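Asks: Fold the following, please.
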Amino acid sequence: MKQLQRNTLWHSGKYANEDRREIGLSLITIAFMLWFFDLLVAFFLPAGYRTGHQRAFLLLIGSAAIAGAILAVIGWKIKSNE
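Replies: Here you go, the predicted model:
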């Protein structure tokens, strides 16, 4: 029921195409920022190997990469659904 209400809000004109495009671009931007910080974590990974905390670094890298990919796909779908 709530999904139906949400879909009707998107298609009823309450949200203009510009708003949807802006939301999509915002999600894509957040995804790229996550991937950038993911690269920063990967830069410090050798220090994690030396101190024995490589699991925490690998968990951060994996979760940030997955979250960024999900946000990018959602943002792209919202942006392209005009």
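
Asks: Now do Phe43: how many residues are near it, please.
Replies: By other C-beta atoms under 10 Å, the residues close to Phe43 number 9. No exception for glycine: its C-beta is placed from N, CA and C like everyone else's.

Asks: In terms of secondary structure, what does the helix or strand encompassing Ser63 contact?
Replies: Using DSSP states H and E, Ser63 falls within helix 54-80. With contacts defined as 3 or more C-beta pairs under 8 Å, 6 or more residues apart in numbering; DSSP states H and E, the packing partners of helix 54-80 are helix 17-43, helix 45-51.

Asks: Turn the ones you listed into JSON lines, columns for distance to Asn81 and mean pLDDT.
Replies: Shown next, in JSON lines, are the helices and strands packed on helix 54-80 (distance: least, C-beta to C-beta, whole Å; pLDDT from 0 to 100):
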{"stretch": "helix 17-43", "distance to Asn81": "7", "mean pLDDT": "88"}
{"stretch": "helix 45-51", "distance to Asn81": "38", "mean pLDDT": "72"}
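
Asks: Looking at the ones you listed, which one is packed in the most?
Replies: Across the helices and strands packed on helix 54-80, the average number of neighbours (mean count of other C-beta atoms under 10 Å) peaks for helix 17-43, which reaches a mean of 15.

Asks: my guess is Trp76 meets Thr29, correct?
Replies: No. Between Trp76 and Thr29 there is no contact under C-beta atoms under 8 Å: 11.9 Å.
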